[in-house]
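Enquirer: how would this look folded up:
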Amino acid sequence: MGTWPDKNRLFLTAGMVLLILLGLVAWLSRQPVPPPLSVIEPTPSILANLKVYVSGAVRNPGVYSLSPEGRVVDAVIAAGGALSEADLDAINLAAKLRDEMQVKVPRRSAAAGATAISAGPTMPALLDLNKASQAELEALPGIGPVTASKILAYRAEHGSFHSVEELQDAKLVNRSTYEKIKDLVVVP
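Expert: Predicted coordinates for the structure are as follows:
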């Protein structure tokens, strides 16, 4: 047997080896810590990513950034609201907005209160059928994506429209839709 200092050295060495082994086991068994998650809150510029042009009988015509869930009524409100002479029945206020869309708020026709002596249209047409885009056509009341596509396909196949009535004659719109849009479109 050794002396007392030799026994202490043996215990001390065994203890150090045990501590090193425990540290090694703990280090090897640790799980990697994932990097912290960062949450990016959407900013108003991300949420309001549609650009819509509002014109006609509104207080502040112009281009507005609106929510992708927005409706035509939201665009009119963003433009300061409709003027007293606005004919809101002529547009579909519930239609969904699309990027690059133009919302034209027409004015009420002066002919509504005029006598039979007055002649000629009092409200200018708002949309040229021969130049209208898909989005502009869809902004008309009663015209959805399918009907707008049919109108564009007809125009591509047959050339320019010669009259507004051609929409109904070519069965591109039904009678009810034609009545809603006949005063909002023109063929120059």
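Enquirer: how about low-confidence regions in the chain?
Expert: Where the chain drops to pLDDT under 70, the residues are 1-5, 31-48, 110-126.
Enquirer: Helices of that one, residue ranges please.
Expert: With DSSP state H as the definition, the chain shows helices at residue ranges 4-29, 44-47, 72-78, 134-138, 145-158, 166-169, 175-181.
Enquirer: Make a markdown table from these and add distance to residue 187 and mean neighbour count to it.
Expert: To be clear about C-beta, it is placed using only N, CA and C from the backbone, and glycine gets the same treatment. A markdown table is the format used below for the helices of the chain (distance: least, C-beta to C-beta, whole Å; neighbours: other C-beta atoms under 10 Å):
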| stretch | distance to residue 187 | mean neighbour count |
| --- | --- | --- |
| helix 4-29 | 80 | 10 |
| helix 44-47 | 39 | 10 |
| helix 72-78 | 24 | 20 |
| helix 134-138 | 14 | 19 |
| helix 145-158 | 11 | 14 |
| helix 166-169 | 8 | 17 |
| helix 175-181 | 12 | 15 |
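Enquirer: could you dump those to JSON lines with distance to residue 107?
Expert: Output for those, formatted as JSON lines (distance: least, C-beta to C-beta, whole Å):
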{"stretch": "helix 4-29", "distance to residue 107": "78"}
{"stretch": "helix 44-47", "distance to residue 107": "32"}
{"stretch": "helix 72-78", "distance to residue 107": "14"}
{"stretch": "helix 134-138", "distance to residue 107": "18"}
{"stretch": "helix 145-158", "distance to residue 107": "24"}
{"stretch": "helix 166-169", "distance to residue 107": "23"}
{"stretch": "helix 175-181", "distance to residue 107": "16"}
